[in-house]
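*Asks:* need a 3D model of the sequence below.
(one chain, ligands or ions: 6)
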Amino acid sequence: MAKPSSLLHLLASVVTVLAISVLLGHGVLHVGASHRVYRNLRKTVESTSVKQPYRTSYHFQPPKNWINDPNGPMLYKGIYHLFYQYNPKAAVWGNIIWAHSTSTDLVNWTPHVPAIFPSQESDINGCWSGSATILPGYKPAILYTGINPQNQQVQNLAVPKNLSDPYLIEWVKSPHNPLMAPTAMNQINASSFRDPTTAWVGPDGRWRVIIGNKRDRGRKGRAILYRSKDFVRWTKAQHPLHSAKNTGMWECPDFFPVSAQVPLGLDTSINGPNVKHVLKVSLDDKKHEYYTVGTYNSTTDRYVPDKGSVDSDSGLRYDYGKFYASKTFFDSKTNRRILWGWINESSSEDDDIKKGWSGIQAIPRTIWLDKSGKQLVQWPILEIEKLHNSQVVLPNKLIKGGTVLEVSGVTAAQADVEVLFEVKGLEKAEVFDPTWTNPQMLCSQKGASVKGSLGPFGLLVMASKGLEEYTAVFFRIFKGQNKYVVLMCSDQSRSSLNNSNDKTTYGALLDVDPLHEKLSLRTLIDHSIVESFGGGGKSCITARVYPVLAVEDGTHLHVFNNGTQSVEVLTLSAWSMKKAKIN
Ligand SMILES: *[C@@H]1O[C@H](CO)[C@@H](O)[C@H](O)[C@H]1NC(C)=O
Ligand SMILES: *[C@@H]1O[C@H](CO)[C@@H](O)[C@H](O)[C@H]1NC(C)=O
Ligand SMILES: *[C@@H]1O[C@H](CO)[C@@H](O)[C@H](O)[C@H]1NC(C)=O
Ligand SMILES: *[C@@H]1O[C@H](CO)[C@@H](O)[C@H](O)[C@H]1NC(C)=O
Ligand SMILES: *[C@@H]1O[C@H](CO)[C@@H](O)[C@H](O)[C@H]1NC(C)=O
Ligand SMILES: *[C@@H]1O[C@H](CO)[C@@H](O)[C@H](O)[C@H]1NC(C)=O
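*Replies:* Ligands and ions are numbered 1, 2, ... in the order given. Model (predicted):
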């Protein structure tokens, strides 16, 4: 029996451990994980009889439990690998390991045993996010963040046990782990040091990798740089690759080259003329990501965003809805750079426990530099079109203001829809107020039910028969100072009669000139997912919805125009989607 004094001492240290685990809660705050997990585990087991109208049919998710960040995506011997943060015990964050699935087409996935799980002192309290690098001799290597017994974040290495196994089922951890750790010397905060990127080689032949970090005083987010000759002994560089004031902790940095000439992907070590670089960071404070386009000097090891590329949380995002902790990889088979991102739930934790799962991965997107050189363009990987079943085509049609036109003959809860609008009478556009600096706010104020002149027009997806429920993905066009301004919105305010879920409306500006270009919208609908690509992928918005009436066969699809001006639908194609083997 402990004496009261030592009991107090024990209590105090328990409180400290809890406080640390709150701080460490990667992506989500979770208090007192240990006892909750058991309660959740019990509930997970009870949940097998619950109806599952919100599970996906072609977006990646495991049969149950919590998932978050995509990890170490790569192509090896013709097989695509996806690892992801996974709680094997419950539908809430905790007990984090690397789950593993493989695919030959990025659409159908086969689960394998977990690849990386706590087994060494350097990761005994969790195996957090990281990335894969293919080393010379065609040898994959994974760098990941481990949580050590002191709850410090350190960086570890794991390599395949058997390189002849294209599925890379077994991974062996380096006996030298941790390879990078916070010390009194390097003054790295042990609670803010995580998520190593795919490494690249510089002109001196040394490997480089960056790790997400925050400087202790102030809110400066940083990408700490390490170099190595042998991938095992790493030395911290004097200065970070890049940092930005007032951005807070940078999670899941991603750093890669893009071609300024052709819309193809580049291997991560490529640099030179006609190569730009992209740095993406996930902001722990804001829970969204931004990226800049810039130049990387591999001699000085500094990255400088281009003039005009906004280096703060008001900068460009891959996705203006739910999309976090994303990561790219270079697909050497098809010369594409492919982006994976985690989409979390909008439901309550209690509901997640009831349904037994939480989190999915977005459809992988091919990304490349737009011809303007100022932003990226993203498009669902072509392979997803293998799932196209029957196609419904709406002929060219003028859609008058106030019209809601049903597109029937498609499984509207599981569909891929693409529509091309032509807008005439642009002179009737309302004037854009220059004080409107927040497109998301603008979309919330001017939702689908606020009539305008040119817009709102777009799609009503996941709609119930009597339109009691729908998610509206739409555009509005305004007259700006010297150009037209196109706003793209995803309005979830009427997505469900159930008011207990998060129904935040999302918005983005879309860099399309409606005077010279047609306006396209593609939406991937998958039961609880509405993943939209505006202007051929220049702006993307992903939303989660949990309708009560608009489930399965009770789901409808419409094209609508709630502006006063007519718009023309040049083409509209909607495909029923087959089910993929998502795990
Ligand atoms: C390595 O993998 C190959 C291919 O799956 C298999 O044939 C071989 O037996 C494996 N070797 C060992 C030592 O497990
Ligand atoms: C380290 O980071 C954590 C989390 O941001 C913060 O609470 C703590 O104060 C930092 N430690 C120091 C010594 O600044
Ligand atoms: C990189 O920086 C070095 C040193 O400042 C400079 O000499 C070199 O020209 C730079 N390289 C490029 C491609 O700008
Ligand atoms: C997940 O969803 C909730 C509510 O919909 C949101 O507040 C949270 O910040 C989201 N993102 C992450 C990365 O946890
Ligand atoms: C169109 O606007 C009217 C008037 O504000 C509103 O009642 C109706 O719900 C809107 N339609 C859609 C599809 O939001
Ligand atoms: C509404 O949502 C709450 C919480 O998300 C859930 O418990 C309840 O079952 C839902 N009701 C219906 C009718 O779906």
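*Asks:* where exactly do the strands run in the stretch 451-583 of the chain?
*Replies:* For the stretch 451-583 of the chain, applying DSSP state E, counting those that start in this stretch gives strands covering 457-463, 471-479, 484-491, 506-510, 519-526, 529-534, 539-544, 556-561, 567-577.
*Asks:* please save the CA atoms from the fourth one in CSV.
*Replies:* The one in question is strand 506-510. This file holds the C-alpha atoms of strand 506-510, laid out as CSV (Å, rounded to 0.1, in the frame of the first residue of the first chain):
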residue,chain,number,x,y,z
TYR,A,506,-17.6,25.5,-47.0
GLY,A,507,-16.5,27.9,-49.8
ALA,A,508,-13.6,28.8,-52.1
LEU,A,509,-12.8,31.2,-54.8
LEU,A,510,-12.3,29.5,-58.2
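*Asks:* report the buried residues of that strand.
*Replies:* Neighbour-count burial for strand 506-510, counted by 16 or more other C-beta atoms under 10 Å, picks out 506-510. For the C-beta atoms, the positions are set from N, CA and C on the backbone; glycine is no exception.
*Asks:* hang on, the earlier thing: Tyr290: which of the strands of the stretch 451-583 of the chain is closest?
*Replies:* strand 506-510 (12.2 Å; C-beta to C-beta).
*Asks:* and the closest one, what does it pack onto?
*Replies:* Using 3 or more C-beta pairs under 8 Å, 6 or more residues apart in numbering; DSSP states H and E as the contact criterion, the elements in contact with strand 506-510 are helix 439-445, strand 484-491, strand 539-544.
*Asks:* and that strand, is it in reach of ligand 4?
*Replies:* No. With C-beta under 6 Å from any ligand atom as the criterion, ligand 4 is not reached by strand 506-510; the gap is at least 11.0 Å.
*Asks:* can you list contacts of that strand?
*Replies:* Residues from elsewhere that reach strand 506-510 (C-beta atoms under 8 Å, 6 or more residues apart in numbering): 317, 320-321, 439-444, 475, 485-490, 492, 519, 534-535, 538-541, 543.
*Asks:* and if we set it to 7 Å?
*Replies:* The contact list for strand 506-510 (C-beta atoms under 7 Å, 6 or more residues apart in numbering) reads 320-321, 439-440, 442-443, 485-490, 534-535, 538-539, 541, 543.
*Asks:* do stretch 350-365 as well
*Replies:* By C-beta under 7 Å, 6+ apart, the residues outside stretch 350-365 that reach it are 40, 43-44, 47, 50, 52, 54, 56, 59-61, 64-68, 70, 84, 91-92, 106, 323, 338-345, 378-381, 384, 524, 529, 531, 542.
*Asks:* pLDDT below threshold where in the stretch 51-200 of the chain?
*Replies:* Filtered on pLDDT under 70, the stretch 51-200 of the chain yields no residues whatsoever.
*Asks:* show me where it has strands.
*Replies:* So, for the stretch 51-200 of the chain - with DSSP E, counting those that start in this stretch - the strands run 65-76, 79-87, 97-103, 110-116, 127-135, 139-147, 153-160, 171-173, 193-194, 200-201.
*Asks:* got these as CSV, with mean neighbour count and distance to Val393 columns?
*Replies:* CSV is the format used below for the strands of the stretch 51-200 of the chain (neighbours: other C-beta atoms under 10 Å; distance: least, C-beta to C-beta, whole Å):
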stretch, mean neighbour count, distance to Val393
strand 65-76, 25, 34
strand 79-87, 23, 32
strand 97-103, 22, 30
strand 110-116, 16, 35
strand 127-135, 25, 41
strand 139-147, 24, 44
strand 153-160, 24, 47
strand 171-173, 17, 48
strand 193-194, 25, 48
strand 200-201, 20, 45
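*Asks:* for Pro456, find the nearest of those.
*Replies:* It is, among the strands of the stretch 51-200 of the chain and with distance given as C-beta to C-beta, strand 65-76, at 33.0 Å.
*Asks:* which non-adjacent residue is nearest Gln52?
*Replies:* The spatial neighbour of Gln52 that comes closest, neighbours along the chain excluded (C-beta to C-beta, 6 or more residues apart in numbering), is Lys355 at 6.5 Å.
*Asks:* so how far is stretch 243-261 from its chain's centroid?
*Replies:* 14 Å (C-alpha atoms, centre = their mean, to the nearest Å).
*Asks:* what residues are up against Ser464?
*Replies:* By C-beta under 7 Å, 6+ apart, the contact set of Ser464 is 547, 549-550, 554, 556.
*Asks:* sorry, back to before: export the helices and strands packed on strand 506-510 to TSV and tack on mean neighbour count and mean pLDDT?
*Replies:* Below are the helices and strands packed on strand 506-510 laid out as TSV (neighbours: other C-beta atoms under 10 Å; pLDDT from 0 to 100):
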stretch	mean neighbour count	mean pLDDT
helix 439-445	18	98
strand 484-491	26	98
strand 539-544	27	98
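*Asks:* can you put those in TSV and add distance to Gly221?
*Replies:* Formatted as TSV, these follow (distance: least, C-beta to C-beta, whole Å):
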stretch	distance to Gly221
helix 439-445	21
strand 484-491	27
strand 539-544	23
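*Asks:* in the stretch 1-150 of the chain, what residue is nearest ligand 3?
*Replies:* Proximity of the stretch 1-150 of the chain to ligand 3 (C-beta to the nearest ligand atom) peaks at Thr133, 23.4 Å away.
*Asks:* I figured that residue was touching Leu157, is that so?
*Replies:* No. Under the criterion of C-beta atoms under 7 Å, Thr133 is not in contact with Leu157, lying 9.9 Å apart.
*Asks:* any common contacting residues for these two?
*Replies:* In contact with both Thr133 and Leu157: Ala141, using C-beta under 7 Å, 6+ apart.
*Asks:* show me what whatever helix or strand Pro257 lives in is packed up against.
*Replies:* Here Pro257 sits within strand 250-259, counting by DSSP states H and E. Judged by 3 or more C-beta pairs under 7 Å, 6 or more residues apart in numbering; DSSP states H and E, strand 250-259 is in contact with strand 207-214, strand 221-228, strand 275-283, strand 324-331, strand 365-369.
*Asks:* who does the residue of the chain found nearest ligand 3 form a beta bridge with?
*Replies:* Nearest residue of the chain to ligand 3: Asn297, at 3.6 Å (C-beta to the nearest ligand atom). Judged by DSSP bridges, the bridge partners of Asn297 are Arg302.
*Asks:* tell me the mean pLDDT for stretch 449-463?
*Replies:* For stretch 449-463, the mean per-residue pLDDT is 97.
*Asks:* ok, stretch 262-272 next?
*Replies:* Stretch 262-272 comes out at a mean pLDDT of 97.
*Asks:* quick one, what contacts Phe432?
*Replies:* Contacts of Phe432 (C-beta under 7 Å, 6+ apart): 478-480, 485.
*Asks:* pick out the most distant pair among those residues.
*Replies:* Maximum distance among the contacts of Phe432 (C-beta to C-beta): 7.6 Å, for Lys479 and Val485.
*Asks:* show me what contacts Asp311?
*Replies:* 244, 292, 305.
*Asks:* at 10 Å instead, please
*Replies:* 221, 242-245, 247, 279, 281, 290-292, 294, 304-305 (C-beta atoms under 10 Å, 6 or more residues apart in numbering).
*Asks:* can you check Phe256 too?
*Replies:* Here Phe256 is in contact with 197-198, 200, 265-270, 277-280, 296, 327-330, 337, 339, 367 (criterion: C-beta under 10 Å, 6+ apart).
*Asks:* buried subset of those residues?
*Replies:* Buried among these by 16+ other C-beta under 10 Å: 197-198, 200, 265-266, 268-270, 277-280, 296, 327-330, 337, 339, 367.
*Asks:* so what's the residue positioned nearest the centre of the chain closest to, chain neighbours aside?
*Replies:* Centroid-nearest residue in the chain, with C-alpha atoms, centre = their mean: Gly341, separated by 2.6 Å. With sequence-adjacent residues excluded and distances taken as C-beta to C-beta, 6+ apart, Gly341 is closest to Ser326, at 3.6 Å.
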